[in-house]
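Visitor: Build me a model from this:
(2 chains)
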There are 2 protein chains.
Amino acid sequence: MPNIHFKPGIVCLIAIFSSLSLKGNENAALETASTLAKKAIESSLALEIATDLTTDIGPRLFGSDGEKRAVEWARKRFEEYGFDRIWTEPFPVDRGWERGLETASITHPAPQNLVITALGGSVPTPEGGIEAEIVVFKTIQALLDQPEGSLDGKIAVVTQAMEIGGYGRFSGPIRGNGPSEAAKRGAIAYLMRSAGTDNDRMAHTGATRYQAGVPRIPAAALSVPDAQQIDRLADRHKSIRIKLLLTPKELGTVTSQNLIAEITGSEKPDEIILLGAHIDSWDLGTGAIDDGAGVGVVMAASKLIRDLPHPPKRTIRVVLFGAEEIGIYGGNYYVVKHRDELSKHIIAAEADAGQGPVHTINIGVGNPLDPSLSTIRKALETLGVKAGRAKSRGGPDIVPMSNAGVPVVGLDMFTEDYFDLHHTANDTIDKIVPERINQSAAAYVTFAYLASQLGGYYRAEN
Amino acid sequence: MPNIHFKPGIVCLIAIFSSLSLKGNENAALETASTLAKKAIESSLALEIATDLTTDIGPRLFGSDGEKRAVEWARKRFEEYGFDRIWTEPFPVDRGWERGLETASITHPAPQNLVITALGGSVPTPEGGIEAEIVVFKTIQALLDQPEGSLDGKIAVVTQAMEIGGYGRFSGPIRGNGPSEAAKRGAIAYLMRSAGTDNDRMAHTGATRYQAGVPRIPAAALSVPDAQQIDRLADRHKSIRIKLLLTPKELGTVTSQNLIAEITGSEKPDEIILLGAHIDSWDLGTGAIDDGAGVGVVMAASKLIRDLPHPPKRTIRVVLFGAEEIGIYGGNYYVVKHRDELSKHIIAAEADAGQGPVHTINIGVGNPLDPSLSTIRKALETLGVKAGRAKSRGGPDIVPMSNAGVPVVGLDMFTEDYFDLHHTANDTIDKIVPERINQSAAAYVTFAYLASQLGGYYRAEN
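Guide: The predicted structure is shown next:
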């Protein structure tokens, strides 16, 4: 809150007056927010949008035609919605990549096919594939404990299971670093149990990142049942051999882009309430929960605000980020490109954790005392959203702006089943439950609208 | 019951005596059956066997090395169990086949990959695949209603959904006959919505059968979400094009075999109680529910009987049929090969409907008045198995012997989730729930043991 020092009597009057007027504003805003939330739920608009995106576009791998078609599709959609400004911001991605064939089989002692998928960014196997003995590690630590050269000529297989809620601490060391750690010890290829909580024969892709100066070896994820099968075989047999064929292509530098669409604020047009989601997806499914649902939620929320008879006081900016999956390229580029106006970003939220429902609001702002926050919390309560006590960093694409000082909130979603589908061919629109995504759209529109009308003093410096 | 005419007094005495002795026999048999059922549940032997088969062998396509390895594995297992006679009966299968690459994608208007799998027996596409406009039929009837030549140069796509419980009436006309019906109308390829009740991106394979004198066109199943995607696109766009590549190989005549293992009856060695399951599986998964579970159930049930201190009165014959999936080759061959001893087959049951539990016993015998049937029903009741009123034909492999007059029973299993996994890559051992398969093993051992000790007058002529 701004400091007011002089003349206690006047201060008192001003305080009463502005409190009354604040109350009036607040009530009007709350009423509108409630109407918007109701519309979000009744219209099923978020699901419609996600259905259109995943049907008419399909998969949207960074730098691909699919991603470009999706951006064109979204631009047109925002035009139809009557947004005030719509533009794209292209940026380079230095690790263009596309999937090829991917097959694997156990060749000894019990010949059978394996379900695998290349990790994003993996190099191909030599032509014709490779066939070698495997070394099975039940934890990544067991691999890290091996000395250099101990895996010479072998395929390293890490069968550690991801726990529910454990994605972050699993994907970094096992999917991101695992291949290079195996290569340092002499391995010629790397297989990991998928970062997933299902037991379907679906492999979960996701980005890996080779360490500089370490041989780049082909890397793929096994479906959970396949990893379990290898565990069982390893318990029974001394020598297991696997044949692996991966033919992905490295495409060098490709172009991705963020798409930005705004409803200009009527009173404070330079103050930005940002809603984000990412438009790219992995290539195996059609990116319904990751992140078609998020795109649906923020597009629906902003469209409903656009349809109000009066525009919001602050500017609502929707950013559909590109190239999230391969390493938050869009989110990072946004901060570089908008460095000079970040101070005008009042607050940001991203939808990138599936279909919801939203269960908790956690804040990641410098000043948690802005009174609008308690109004927002109160309004969200009616949707079943609790006030949380965790420090939020928003979503993946807005972590960079959070790091740069932009206040963010986390409208945290139910994700217990998110990693059943995440990064698999099974991530398709039929998995979205209307009630779940509709509640999410209601939560996002409630947040965005109230943030555009009230408060605004979230920064540490306030 | 045999007719007894002469000397009423003696008849009466005999009747009283044999009724007392029958009661004694029955009680002893019931007690042993109850112990066997308990062992089946506590030992988890059926699951152990199914785990070994699906792990150490894996998929077991008819005529393949996998099927042969499985038969060898089972033969050794029966030897270890101490069965009295174990032998194989090879037979030719005139439509050897193996899967190749299989890819499909929508090329217009919304390029995206499709998840498909070739139907068993499908011919390959021409080299390099085919790309053509599709015609979507929401029911098979809609396709049948088309005149000759109306699909010239098109890919026919049938998106009719299979209902729960509707496998039989769906797979025949749509998977079996669909390709030829489409070809008669000029189609150059055929796609169908999988015969499955899941919504995973898993295509369900299964045999098709080309009609004689009709062009043989490549045929594949789409996963359920992919069929839904095509339905949505067809509702939005006039022209949809699909590219399809299938490279299966036709192998001509291959050899499969039935494996037979017996515990010789101590009192009536020539009277056979037959337990069946099929050892072959489709190639996509490891054949856990279809029919590793059945193999586990009948091997466990018979092994528990083998371990009794006294052998059963009648002979217990376990038949692991080969080449079921491509058209009940093993079941049909068995009847040809054993024509002369079918009259000595007292009763037969098959386990080929997944992991269970068994919920109902239905009988398919000529004489439903054999008193042992009510004893068997009563014993099964303690396992939660109800007495049904439907006429059973056993399971697929014993339909031929049922048709030839062998009495059969159906120990009918819970199958509401069976067609979620059936014929997919997802048919793996992790899907088996110990409590379910153990109850099934308990039901089968109860039936087999009681049938070996009691009654035996099931035939119509009795």
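
Visitor: quick one: the helices in the stretch 1-150 of chain A?
Guide: Taking DSSP state H, counting those that start in this stretch as the test, the helices found in the stretch 1-150 of chain A are A:8-43, A:45-52, A:65-81, A:140-144.

Visitor: ugh, wrong one, I meant the stretch 301-450 of chain A
Guide: Remark: helices assigned in the stretch 301-450 of chain A by DSSP H, counting those that start in this stretch are A:329-337, A:371-381, A:399-403, A:418-421, A:434-453.

Visitor: The last one and chain B in contact?
Guide: No: using C-beta under 8 Å from any C-beta of the partner chain as the criterion, no contacts between helix A:434-453 and chain B are found, and the smallest distance is 14.8 Å. Every C-beta, even on glycine, is put in place using the N, C-alpha and C of the backbone.

Visitor: CA atoms only for that helix, dumped as CSV, please.
Guide: In CSV, the C-alpha atoms belonging to helix A:434-453 read as follows (Å, rounded to 0.1, in the frame of the first residue of the first chain):
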residue,chain,number,x,y,z
PRO,A,434,-16.0,-31.3,-19.0
GLU,A,435,-16.6,-30.6,-15.3
ARG,A,436,-12.9,-30.5,-14.6
ILE,A,437,-11.8,-28.2,-17.3
ASN,A,438,-14.8,-25.9,-16.9
GLN,A,439,-14.0,-25.4,-13.2
SER,A,440,-10.5,-24.5,-14.2
ALA,A,441,-11.7,-21.9,-16.7
ALA,A,442,-14.0,-20.5,-14.0
ALA,A,443,-11.0,-20.2,-11.6
TYR,A,444,-8.8,-18.5,-14.1
VAL,A,445,-11.5,-16.1,-15.3
THR,A,446,-12.2,-15.2,-11.6
PHE,A,447,-8.6,-14.5,-10.9
ALA,A,448,-7.9,-12.6,-14.1
TYR,A,449,-11.0,-10.4,-13.9
LEU,A,450,-10.5,-9.5,-10.2
ALA,A,451,-6.8,-8.8,-10.7
SER,A,452,-7.7,-6.5,-13.6
GLN,A,453,-10.2,-4.6,-11.5
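
Visitor: what number of residues lie near residue A:176?
Guide: 20 (other C-beta atoms under 10 Å in any protein chain shown).

Visitor: Just the pLDDT for the closest residue to residue A:356 other than its chain neighbours.
Guide: Leaving out its chain neighbours, the residue that sits closest to residue A:356 by C-beta to C-beta, 6 or more residues apart in numbering or on different chains is residue A:440, at 3.2 Å. At residue A:440, the model reports a pLDDT of 98.

Visitor: what's the spacing between residue A:440 and residue A:255?
Guide: Remark: distance between residue A:440 and residue A:255 (C-beta to C-beta, to the nearest Å) = 31 Å.

Visitor: so who does the residue nearest to residue A:356 touch?
Guide: A:46, A:293, A:297, A:351, A:355, A:356, A:357, A:358, A:411, A:413 (C-beta atoms under 8 Å, 6 or more residues apart in numbering or on different chains).

Visitor: Show me the beta-bridge partners of the last one.
Guide: With DSSP bridges applied, residue A:413 shows beta-bridge pairing to residue A:358.

Visitor: which parts of the stretch 351-462 of chain A sit against chain B?
Guide: Neighbours of chain B within the stretch 351-462 of chain A, by C-beta under 8 Å from any C-beta: A:424, A:425, A:426, A:428, A:429, A:430, A:431.

Visitor: For the third one, the count of nearby residues, please.
Guide: Here the neighbour count serves as a burial measure; for residue A:426 (other C-beta under 10 Å) it reads 26.

Visitor: I figured it was touching residue A:286, is that so?
Guide: No: Residue A:426 is beyond contact range of residue A:286, at 10.1 Å (criterion: C-beta atoms under 8 Å).

Visitor: anything in stretch A:248-261 near chain B?
Guide: No: taking C-beta under 8 Å from any C-beta as the criterion, stretch A:248-261 and chain B are apart, separated by no less than 14.5 Å.

Visitor: Mind listing what's buried along that stretch?
Guide: Neighbour-count burial for stretch A:248-261 flags A:248, A:254, A:256, A:257, A:258, A:259, A:260, A:261 (criterion: 16 or more other C-beta atoms under 10 Å in any protein chain shown).

Visitor: Next step: those restricted to strands.
Guide: A:254, A:256, A:257, A:258, A:259, A:260, A:261 (DSSP state E).

Visitor: Is it possible to get JSON lines of these that adds pLDDT?
Guide: Output for these, formatted as JSON lines (pLDDT from 0 to 100):
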{"residue": "A:254", "pLDDT": "98"}
{"residue": "A:256", "pLDDT": "98"}
{"residue": "A:257", "pLDDT": "98"}
{"residue": "A:258", "pLDDT": "98"}
{"residue": "A:259", "pLDDT": "99"}
{"residue": "A:260", "pLDDT": "98"}
{"residue": "A:261", "pLDDT": "99"}
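
Visitor: and the two most separated of the residues you listed?
Guide: Distances among these were taken as C-beta to C-beta; the most separated pair is A:254 and A:261, at 23.3 Å.

Visitor: does residue A:191 sit in a helix, a strand or a coil?
Guide: strand (DSSP: H, G, I helix; E, B strand; the rest coil).

Visitor: Looking at the helices of the stretch 301-450 of chain A, spot the one closest to residue A:312.
Guide: helix A:434-453 (3.7 Å).

Visitor: correct me, but residue A:64 touches residue A:97?
Guide: No: the criterion here is C-beta under 8 Å, and residue A:64 misses it with residue A:97 at 9.6 Å.

Visitor: Enumerate the residues of the stretch 51-200 of chain A near chain B.
Guide: Selection of the stretch 51-200 of chain A residues close to chain B by C-beta under 8 Å from any C-beta yields A:51, A:55-59, A:65-66, A:101, A:106, A:109-113, A:115, A:199-200.

Visitor: Please list only the buried members of those residues.
Guide: A:51, A:55-59, A:66, A:106, A:110-113, A:115, A:200.

Visitor: Including pLDDT, could the residues you listed go into CSV?
Guide: Converted to CSV, these look like this (pLDDT from 0 to 100):
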residue, pLDDT
A:51, 98
A:55, 98
A:56, 97
A:57, 98
A:58, 98
A:59, 98
A:66, 98
A:106, 98
A:110, 95
A:111, 96
A:112, 97
A:113, 96
A:115, 98
A:200, 98
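
Visitor: What segments of the stretch 51-200 of chain A are strands?
Guide: Using DSSP state E, counting those that start in this stretch, the strands found in the stretch 51-200 of chain A span residues A:85-98, A:102-108, A:112-114, A:116-118, A:130-137, A:155-158, A:189-193.
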